[in-house]
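Enquirer: here's a sequence, model it:
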Amino acid sequence: MNTILTDPVAVPGHPARGPAGPDHSIAVAAPSAQPALWRAYLRGAQQAYQRYGCSAALDYDRVVGGAETLMFFVVCDADGRVCGGLRVQPRLVSAAQTHALEEWAGQPGQVALVNAIEARLDGGIVEVKTAWTDERSPIAKEVAEQLSRLGLPIMEMCGVEHMMATAADHVLRRWTSGGGRVDERVSATPFPDERYRTQLMWWERAALQQMTGLGSTPAVSAGPWPRPLR
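Expert: So this is what the prediction gives:
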């Protein structure tokens, strides 16, 4: 979900950085390693979700402790303000771990959702959650583009072959621009409420590596990417 951060937050200093552009930087860390940055990221997400009237989808009380987050990425402007980000949950051991089961609860597509996840478990799956962009920022376009291109770096850093996310219709084009693909076998769900039509998306490491090598999909950068701080 890409939404608007009302008041960007300045963060002193940066953790490990990946390559970006002259007007912004990308940082990646574990929540426990950079608690101030983690709080700034979540504060931005909370404000964004409130603006769209869907705070329940954030599940803030469950997420804030950081136990369900392996690493998180933020894009900061030249002044160190967090202008967007996303978080990565630990590798799935079973389909029962994913929040997507709650999103598809009681929906016709839930069985297909479970089947899609279980078919990929051997290759390794991580799930991306709580993605947002401050669309009022002068670098909003760059922030959205950087977040959409993180699929391959995330899978390489986590050592998995698959990445999944659930996304509403209004952000699907943005995610597909970075290599994500909608799983048409899983019917959409009205989550977090009837205003939204949320779908399951996959990023496949082998496909992205091939596309990037052929120049078909723009990469974030040549890297190398840092390991997340612990």
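
Enquirer: from now on I want contacts and neighbour counts done on CA atoms only, so please keep to that.
Expert: OK.

Enquirer: any idea of the mean pLDDT for the longest helix along the chain?
Expert: Assignment by DSSP state H gives helix 35-51 as the longest helix of the chain. Computed over helix 35-51, the mean pLDDT rounds to 88.

Enquirer: now do the buried residues in it.
Expert: Buried residues in helix 35-51, counted by 16 or more other Cα atoms under 10 Å: 37-50.

Enquirer: repeat that for stretch 62-72.
Expert: Buried residues in stretch 62-72 (16+ other Cα under 10 Å): Val64, Gly66, Thr69, Leu70, Met71, Phe72.

Enquirer: about what we covered before: for the longest helix of the chain, packing partners?
Expert: Under the contact criterion of 3 or more Cα pairs under 8 Å, 6 or more residues apart in numbering; DSSP states H and E, helix 35-51 touches helix 55-58, strand 81-88, strand 125-133.

Enquirer: dump the ones you listed into TSV; add mean neighbour count and distance to Pro190 as well.
Expert: Output for those, formatted as TSV (neighbours: other Cα atoms under 10 Å; distance: least, Cα to Cα, whole Å):
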stretch	mean neighbour count	distance to Pro190
helix 55-58	16	12
strand 81-88	27	22
strand 125-133	24	17
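
Enquirer: and for the helix or strand containing Ile117, what are the contacting residues?
Expert: Under the criterion of DSSP states H and E, Ile117 resides in helix 110-118. Helix 110-118 has contacts (Cα atoms under 8 Å, 6 or more residues apart in numbering) with Ser94, Ala95, Leu101, Trp104, Arg185, Val186, Leu200.

Enquirer: can you put the helices and strands packed on helix 35-51 in a markdown table and add distance to Glu161 and mean pLDDT?
Expert: Output for the helices and strands packed on helix 35-51, formatted as a markdown table (distance: least, Cα to Cα, whole Å; pLDDT from 0 to 100):
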| stretch | distance to Glu161 | mean pLDDT |
| --- | --- | --- |
| helix 55-58 | 26 | 62 |
| strand 81-88 | 14 | 95 |
| strand 125-133 | 7 | 94 |
